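# give me a 3D structure for the following:
(chains A and B)
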Number of protein chains: 2
Amino acid sequence: VSSSPRLTVGVFSHHERSFWVEPLTAALPDHVVVDGSEPHDHDRIDVAVVGNVPTEGLTSYRRLALIQSLWMGVDRFLDHPGVPDHVPIARMVDPGMPRAMAETVVAHVLGLHRLLPFYRAQAATRTWAEHAQPFASDRTVAIMGLGTLGTAAVAALIPFGFRLVGWNRSGAAVTGVEVGDFAWVLGQADIVVNLLPLTPQTTDCFDAAAFALMRPGASFVNLGRGHHVVDDDLLAALDSGHLTHAVLDVFRTEPLPAEHRFWTHPRVTVTPHVAADSDPRSCTEVIAQNVRRVAAGETPAHLIDRQRGY
Amino acid sequence: VSSSPRLTVGVFSHHERSFWVEPLTAALPDHVVVDGSEPHDHDRIDVAVVGNVPTEGLTSYRRLALIQSLWMGVDRFLDHPGVPDHVPIARMVDPGMPRAMAETVVAHVLGLHRLLPFYRAQAATRTWAEHAQPFASDRTVAIMGLGTLGTAAVAALIPFGFRLVGWNRSGAAVTGVEVGDFAWVLGQADIVVNLLPLTPQTTDCFDAAAFALMRPGASFVNLGRGHHVVDDDLLAALDSGHLTHAVLDVFRTEPLPAEHRFWTHPRVTVTPHVAADSDPRSCTEVIAQNVRRVAAGETPAHLIDRQRGY
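Predicted coordinates:
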């Protein structure tokens, strides 16, 4: 017999009920799960499970004890007028996400290493020509951001024998990676992979100055956030030939507007923010555990530091 | 002081001297290396190092004691009127090639797993839509051919958690792979990777019957030989939607003719036979060792069985 109170959990997501509401209902038999996209009593919601912040905001939810992000990135909550300052925010620490992100990083790094975007462009003109293929050990890959996602990417890349360099805010050592300062790391790499969290310090960090630091012919893979990149500066670096290719999964405006040059640029690969989505199969229990912690009066796991930004 | 005779090595390759002739000259100071594309005395050549068989054939080389293939595949020598029956043939066992092939296999398997060809097609119409992303553990990958290249591909795929099935002629067990018969393996897989050698038994092995055995929505990656595939049957399987995508690195005619439908088919990725090329940095010493074995009267390494075909 549980002595915890029965909580009400509101789910705010663009997905259908079957995606989050139904698995959470099954995982939380002692609590009530409501779909935030349907009419509901704001004053009953104890925990808000949030993908997209609802248009009307969360400030009218007076009982709210926790905002549980459905995504690992929490930048959308910071300085958002609809997000109450006093409610703790937990980011999603999804055991499946580092694995998914590592898959995506390795797919793009090996694709660039084996010149696949180059051969695709060549095939468009039915051109058959072989080009010099460096060994993986001839290539340096930079991982920008060495947290949960970055270290998973590093672990997946190590067996291929690339030289790995990386940057993180703390400068902490990571096995298998030469950690250095931002400019040094960019200057080493043939392939730069961005996995940074978006904070005031990292906003616009990939600008003309950063691209100029990269080696001629380098490629750039953005799996972080669109606001890390100054779009016009990236386009200029691609147009000049200084950078060879950009793989972009995230954008300053999403969906990427139809008129944006990234869609049609021959040196850009666009994917629709799918590098590593939160998956109910691995996330439901993580959310359920945090709901149970709130019910038991315990501190929720994975609370963010609003000052630091993640 | 070497007691071995001074041998003459002829190199038959479309590459420039700097690619094979110069490194072999440096690696074989006790022997003579000549460029077969330049005029030379056929009766002096003891070892022919062969990429493309020369147009006039090798039957006039009366001293020939070894044909050393520059490539792992040796199908081009079998039943070739210009290749003498009595001269042993060694295939290239390049320590760098399994690594290169594993890179290419993982690049394509992870690319297909993360739906990259699908998102590329979608991006061509500036469509932003997210699609269900299976876990790697939900996917079965078939490796057809479990020799040096297949086992290297398996080792590189294992950390990602795919279910791996495979077929080889001998049926021998491979750690981490469920080995079964050809039809069973094809029926299991979401992604089929061909790494088989080309022999009379494997010619045309990917025909309408084989594609029909594959699961609806499966993808096919051909890194073996073009003559493994009946092109029209593959196109029919793609056109009907039974197969989702084909990545093709090898073709019945190379270069792939400009009029071939593979070039422009929206569900086909064409690369120009670059999955894993022999690289002088790793192959030169392998060739040099076999030349020294011939000079010392020893049996060369990696001789093929002409009956078996590899």
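
# can I assume residue A:119 sits in a helix?
Yes. Counting by DSSP: H, G, I helix; E, B strand; the rest coil, residue A:119 falls inside a helix.

# you'd agree it is up against residue B:249?
No. Counting by Cβ atoms under 8 Å, residue A:119 does not reach residue B:249; the two are 9.3 Å apart. (Each C-beta comes from the backbone N, C-alpha and C, glycine too.)

# quick one: residue A:110 and chain B, what's the gap?
Distance, residue A:110 to chain B, by Cβ to the nearest Cβ, to the nearest Å: 4 Å.

# got the residues of the stretch 201-310 of chain A near chain B?
Residues of the stretch 201-310 of chain A lying close to chain B (Cβ under 8 Å from any Cβ of the partner chain) are A:254-256, A:258, A:263-264, A:269-274, A:277, A:279, A:281.

# any idea which of the residues you listed the model trusts least?
Minimum pLDDT across those is recorded for residue A:277, with 86.

# what's the burial count for that residue?
16 (other Cβ atoms under 10 Å in any protein chain shown).

# what's the distance between the nearest residue to it once chain neighbours are set aside and residue B:189?
Nearest residue to residue A:277, sequence neighbours excluded (Cβ to Cβ, 6 or more residues apart in numbering or on different chains): residue B:133, at 6.2 Å. Residue B:133 sits 18 Å away from residue B:189, going by Cβ to Cβ, to the nearest Å.

# more neighbours, the two?
In this view residue B:133 and residue B:189 are compared by other Cβ under 10 Å, and residue B:189 has more residues nearby, 25 against 18.

# surely that one meets residue B:218?
Yes. Residue B:189 lies in contact with residue B:218 (Cβ under 8 Å); the separation is 6.1 Å.

# and the gap between the residue most central in space within chain A and residue A:163?
Centroid-nearest residue in chain A, with Cα atoms, centre = their mean: residue A:224, separated by 4.7 Å. From residue A:224 across to residue A:163, the span is 22 Å (Cβ to Cβ).

# angles on the backbone of the residue of the stretch 151-300 of chain A found nearest chain B, please.
Scanning the stretch 151-300 of chain A for the residue nearest chain B gives residue A:255, at 3.5 Å (criterion: Cβ to the nearest Cβ). Main-chain torsions, residue A:255, degrees, to the nearest 10: phi -60, psi 150.

# pLDDT of the host helix or strand of residue A:157, averaged?
Element membership for residue A:157 (DSSP states H and E) is helix A:148-157. Computed over helix A:148-157, the mean pLDDT rounds to 97.

# and it, what does it pack onto?
Under the contact definition 3 or more Cβ pairs under 8 Å, 6 or more residues apart in numbering or on different chains; DSSP states H and E, helix A:148-157 sits against helix A:97-113, strand A:140-144, strand A:163-167.

# compute the inter-axis angle for that helix and strand A:140-144.
Comparing the axes of helix A:148-157 and strand A:140-144 via axes from the mean of the first three to the mean of the last three Cα atoms, to 10 degrees yields an angle of 160 degrees.

# residues of the stretch 1-150 of chain A that sit close to chain B?
So the stretch 1-150 of chain A meets chain B at A:96, A:99-100, A:103-104, A:106-107, A:110-111, A:113-116, A:119-120, A:122-123, A:126, A:128-131, A:133, A:135-136 (Cβ under 8 Å from any Cβ).

# ok, the residue nearest to the centre of chain A touching residue A:192?
No. Residue A:224 is beyond contact range of residue A:192, at 11.1 Å (criterion: Cβ under 8 Å).

# any shared contact partners between the two?
residue A:144 (Cβ atoms under 8 Å, 6 or more residues apart in numbering or on different chains).

# could you pull up the residues touching the residue lying closest to the residue nearest to the centre of chain A once chain neighbours are set aside?
For residue A:224, ignoring the flanking residues on the chain, the nearest one in space by Cβ to Cβ, 6+ apart is residue A:194 at 4.2 Å. Contact analysis of residue A:194 by Cβ under 8 Å, 6+ apart lists A:144, A:145, A:206, A:220, A:221, A:222, A:223, A:224, A:228, A:229.

# what about the residue of the stretch 151-300 of chain A closest to chain B, neighbour count?
For residue A:255, using other Cβ under 10 Å, the count is 14.

# now do the same contact list for the residue nearest to it when sequence neighbours are not counted.
Excluding its sequence neighbours, the residue lying closest to residue A:255 (Cβ to Cβ, 6+ apart) is residue B:128, at 3.5 Å. By Cβ under 8 Å, 6+ apart, residue B:128 lies in contact with A:254, A:255, A:256, A:272.

# redo the residues you listed as CSV? Include distance to residue A:8.
As requested, these are exported to CSV (distance: Cβ to Cβ, whole Å):
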residue, distance to residue A:8
A:254, 30
A:255, 32
A:256, 36
A:272, 33
